[in-house]
Structures are given as structure tokens and as C-alpha cells.
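>>> I would like to see how this sequence folds:
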Amino acid sequence: MAATGTILTRVFTSQAQIPVAGATVAFTQRSPAQGRHTLLALRVTDANGRTEPVLVPTPDLSASESPGTADPFAVCDIWVEAPGYELLVVEDVQIFPGTQTLQELDLIPLPEQSAALLPEAPVIIPPQNL
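I've put the predicted structure just below:
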């Protein structure tokens with residue numbers, strides 16, 4: 001039986017004080033062999049800045065029972081775009097089987113009269129030391 005975990009996001013600005021409604025959030029997985037992203041889901045944030053949960057295939061729980069085995073979690077990348085804010089890319093978000101992951105996403109407002117800016121560098125989440 002294949003295991004799954006879920007991920008949802010909370011998009012905000014101003015140090016978690018103001019939710020960003022109507023932001024587009026893309027959940028992707030990278031294929032190391034091909035170097036491409038596969039789209040898992042596309043969501044739009046609600047009035048509270050939250051997305052609906054996304055199911056993600058994960059390794060079975062048994063992968064975490066002994067050392068030296070493959071990582072017991074799946075990873076995905078998250079891309080967030082909203083008018084008036086910089087694009088945010090978060091890489092290597094970990095999703096564990098049977099668990100709901102909430103990823104907080106802090107958007108930076110663009111200066112007035114400027115075009116959309118690409119992020120200088122993605123946010124990379126290091127793997128869990130299990």
C-alpha cells in the first residue's frame with residue numbers, strides 16, 4: 001500500500017501579521033535524473049492566506065525503522081506568486097507519511113512602481129537528521 005502525506009501552506013506578509021489572499025501556490029517535485037519539475041498541484045490562497053491540502057506520495061513508514069535506509073520522507077518545492085510581491089521559491093520541503101505539513105511562506109512586498117522581481121536565491125530546507 002502506497003503511503004501519502006499532505007502539505008498545505010499559509011502565505012502572509014509583515015512578519016506573519018497579514019494573510020495574502022489570492023496568491024498562486026504551485027507544488028512541484030524535481031526529477032533528479034531529468035532535472036525537471038513535475039507539477040503536483042496548483043492552489044490559490046483563501047482570505048486567511050491558506051491553501052487546501054495537497055496529497056503527496058511518500059515512502060512507507062517502515063523506511064524510518066532502521067538506519068542507513070532511504071529518507072523516510074518525500075520532498076517538494078513550492079513556488080508562490082502574488083501581485084505586488086516578490087516571487088518566493090522554497091525547495092526541499094519534507095512531507096512525512098501519514099502527517100500533515102504546514103509550510104509558512106512570508107512574502108516580501110515589491111517597491112512601488114516596480115516590475116515583478118525574481119528571488120535572488122531560493123529558500124532551501126535542509127533534510128532532517130534522522
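
>>> Would you mind listing the buried residues in stretch 36-45?
Of the residues in stretch 36-45, Leu40, Ala41, Arg43, Thr45 count as buried by neighbour count, 16 or more other Cβ atoms under 10 Å. C-beta here means a position set from N, CA and C on the backbone, and glycine is covered the same way.

>>> is it true that Leu88 touches Asp77?
No. The pair Leu88 and Asp77 fails to qualify as a contact (Cβ atoms under 8 Å) at a distance of 10.9 Å.

>>> Name whatever forms a beta bridge with the residue positioned nearest the centre of the chain.
Nearest to the geometric centre of the chain sits Ile78, at 3.4 Å (Cα atoms, centre = their mean). Under DSSP bridges, the beta-bridge partners of Ile78 are Phe27, Val90.

>>> Tell me the spacing between it and Ser31.
For Ile78, the distance to Ser31 (Cβ to Cβ, to the nearest Å) stands at 17 Å.

>>> do Ala70 as well
Separation of Ala70 from Ser31 (Cβ to Cβ): 16 Å.
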